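# compute the structure for the input listed below.
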Amino acid sequence: MPKSLFPKASPDTRARLEQSQTLKLVNDFDWTATPLGPIPEWPDSLKGAVRVIMVASSPMVILAGYEGILIYNDAYAEFAGTRHPSVFGMPAEAAWPEIAEFNREKIEMGMRGQSMTLRNEEMVLARHGQPESSWLDLHYSPILGDDGMPIGTLCVVQDSTDGVLAERALARSEERLSLALGGSNIVGTWDWDVLNNVVTADDRFALMFGIDPLRAGLGVEIEQFVGAIHPDDQPRVTEEISTALATGADYHSEYRLRGADDVIRYVVASGRPRLDAEGRAVRFPGVVVDITDQRRIGEALAESELRFRTLADTMPQMVWSTLPDGFHDYYNARWYEFTGVPAGSTDGEGWNGMFHPDDQPRAWTAWNHSLTTGEPYQIEYRLRHHSGEYRWTLGLALPIRDSAGTIVRWFGTCTDIHATKLAAEERELVAQELSHRIKNIFAVLTGIIALSARSQPEIKPFADQLRQRIFALAEAHDFVRPHSQESQPGESQTSLRALIGRLLTPYDQDEQPRFEFLGDDAEIDEGAATPLALLVHELATNASKYGALSTPEGRVVLTGTRNEDRYHLSWKEIGGPAIAAGDLPEGFGSRVISLSVEGQLRGRLERIWEADGLRVEADLPLQALRRPAKLQSGQVG
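Numbering: from 1, shown residues only. Coordinates of the predicted model:
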């Protein structure tokens, strides 16, 4: 008994037909092991249905009889994945156990003569070894026998998974876009049906153009939107739209909208026409962005920039600025007037070449320190003038920081101080000459006193004391007088420690110091140097006559203590002879000490006679040691 679906086909025709794997499988399958029996015993309607699906390009499967025996074509075999060919000829419920109940319902439906269509039916199928979601379009139709009764069900399967996933992705994207645009106060969208001249738009777009959002949602003519554009911009915008429609190119335009309240707003519109097969624009979607605030901010920045440049160019100083890394990118007009260099030639590191060669390393070191630490930049250097000479200049710069404290820019100035520098040098020379003459006066005075003492021996003790006091005044004057770089003392000339050391050096014995200064130092000015010098001189003189310095092993320890507004100086003699308070007369020197501390310095003085030597405590206001410039200039209230 022939087994072929096409028993009358020639060998060539059968060979050609059996190029289909599933058709050959039908012919070779042992159907006697199934309720269907051998092919010749099949109803003609079933054989006809099988012949139809075998040459169809769409996936088709027949669920034959109440058992739902699977007979399918090549396209369905590809859909079945790794389940093929093992499920061929099996009952549908056994072949697809994961959807057994679903298939049972469809088999019974077909055997009742009913048909059904399912769209995007989601199923979890293990077509490739693992369960995976699939979406299918399923079309079920009953197969009728010769007696008109159902003998099976034909199912056409269309895999719509890719389409469903694409639609869902598109829906999510549109939802996100809708949420983003809905939460924005500056973006609106439109969609123009060019063929019917109907523009639909969201609420934001409609409000920008002064159109009722409800009407815009239903659609209005493009002319109503164009009418809201500023009259001066309408011709240009219309031309740009026409060009985009004619060429299909991207559309991008900035223009003004005139609201009902005559408030002008700036917008940027972007879109692209959608063309049909003949190249005609059929749709024109796009978005419009309200840039009014940005435009006004930009105009304000431009105005601010203009004001800054105008102010910078009218300043007598040279003004410059750099990026955070120190790259110079701006100089005002004064810089180019002073240097005479072409504009832009000193950008970046080019500015360093404008310094005197001897000043370049020092200037770079100071500038790099400021860039590294963020500390203000201040330096004096010689800058090349357009005349070719180098002129002294004061360079200053401060960092500009953002709210987080990060440096975003440096602004600096260069001030020509050449004339001031030369004048200062001249004043220093005059001051030094005057100080030298004053020192000579002290020398003349001591000489006159010495001559007078020779002619009148009875006044020699007094003359010696007077000469020593004048020497102390001379030392104090020399300590605080103006100094050049060559005459500058090793220590700061405003240091109390240095003044005491200079005054007491003559009392050292065999080059061994007999004085020790401990504790805090204090800055002093010329007003405090004289009374302090007299105080230290008188104490040292008395110590050498009666106290610790009158013995070889004696010494003096001075201790300074500074707090918020007071300075305390303690003089302690150690290793001298025992002296009681009444042993020494209250002479002129004691009155000099009191006058110096309590009168001129407005302090307090206390003498304490201890067993191991005299202790003197001087408590002084810090303001008296180094007065502000206002007080130093004599402007005392």
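# strands of the stretch 451-600 of the chain, residue ranges please.
Counting by DSSP state E, counting those that start in this stretch, the segments of the stretch 451-600 of the chain that form strands are 515-519, 555-562, 566-574.
# can you tell me which of the ones you listed is nearest to E305?
Of all those, strand 555-562 sits nearest to E305, with 50.4 Å by C-beta to C-beta. From N, CA and C alone the C-beta is placed, and that goes for glycine too.
# strand partners of that closest one, parallel vs antiparallel please.
In the sheet containing strand 555-562, the strands it pairs with under DSSP bridges are strand 515-519 (parallel), strand 566-574 (antiparallel).
# most tightly packed of the ones you listed?
Ranked by mean neighbour count, the strands paired with strand 555-562 are led by strand 566-574 with a mean of 21 (mean count of other C-beta atoms under 10 Å).
# model confidence over it, on average?
Throughout strand 566-574, pLDDT has a mean value of 93.
# still on that earlier bit, distance to Y377 added to the strands of the stretch 451-600 of the chain, as CSV?
Formatted as CSV, those follow (distance: least, C-beta to C-beta, whole Å):
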stretch, distance to Y377
strand 515-519, 36
strand 555-562, 31
strand 566-574, 34
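# which one, of those, ends up nearest to G412?
When the strands of the stretch 451-600 of the chain are compared for distance to G412 using C-beta to C-beta, the nearest one is strand 555-562, at 36.4 Å.
# and for the closest one, what's in contact with it?
Defining contact as C-beta atoms under 8 Å, 6 or more residues apart in numbering, one finds that strand 555-562 is touched by 496-497, 500, 504, 514-522, 540, 543, 548-549, 567-575, 622.
# quick one: closest of the strands paired with strand 555-562 to D402.
Between D402 and the strands paired with strand 555-562, the tightest spacing by C-beta to C-beta is seen for strand 566-574, at 43.2 Å.
# export that closest one as PDB, just CAs?
In PDB, the C-alpha atoms belonging to strand 566-574 read as follows (Å, rounded to 0.1, in the frame of the first residue of the first chain):
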ATOM      1  CA  ARG A 566      50.000  93.000  77.100                       C
ATOM      2  CA  TYR A 567      53.700  92.200  77.100                       C
ATOM      3  CA  HIS A 568      55.500  91.300  80.300                       C
ATOM      4  CA  LEU A 569      59.300  91.600  80.500                       C
ATOM      5  CA  SER A 570      61.100  90.100  83.500                       C
ATOM      6  CA  TRP A 571      64.800  91.000  84.400                       C
ATOM      7  CA  LYS A 572      66.300  88.500  86.800                       C
ATOM      8  CA  GLU A 573      69.900  88.800  88.200                       C
ATOM      9  CA  ILE A 574      71.600  85.600  89.300                       C
END
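# contacts for it?
496, 520, 522, 539, 543, 547-549, 554-562, 612-622, 625.
# centre of the chain to it, how far?
55 Å (C-alpha atoms, centre = their mean, to the nearest Å).
# ok, stretch 10-28 next?
A distance of 74 Å separates the centroid of the chain from that of stretch 10-28, by C-alpha atoms, centre = their mean.
# buried residues, that stretch. List them.
The neighbour-count check on stretch 10-28 (16 or more other C-beta atoms under 10 Å) flags R14, L17, E18, T22, L23, L25, V26, N27 as buried.
# measure that stretch end to end?
Stretch 10-28 has its terminal residues 17 Å apart, counting by C-alpha to C-alpha, to the nearest Å.
# residues contacting the most centrally placed residue in the chain?
In the chain, the C-alpha nearest the mean C-alpha coordinate belongs to T406, at 6.5 Å (C-alpha atoms, centre = their mean). Residues counted as contacts of T406 (C-beta under 8 Å, 6+ apart) are P324.
# how near is it to Y76?
From T406 over to Y76 the distance is 66 Å, taken as C-beta to C-beta, to the nearest Å.
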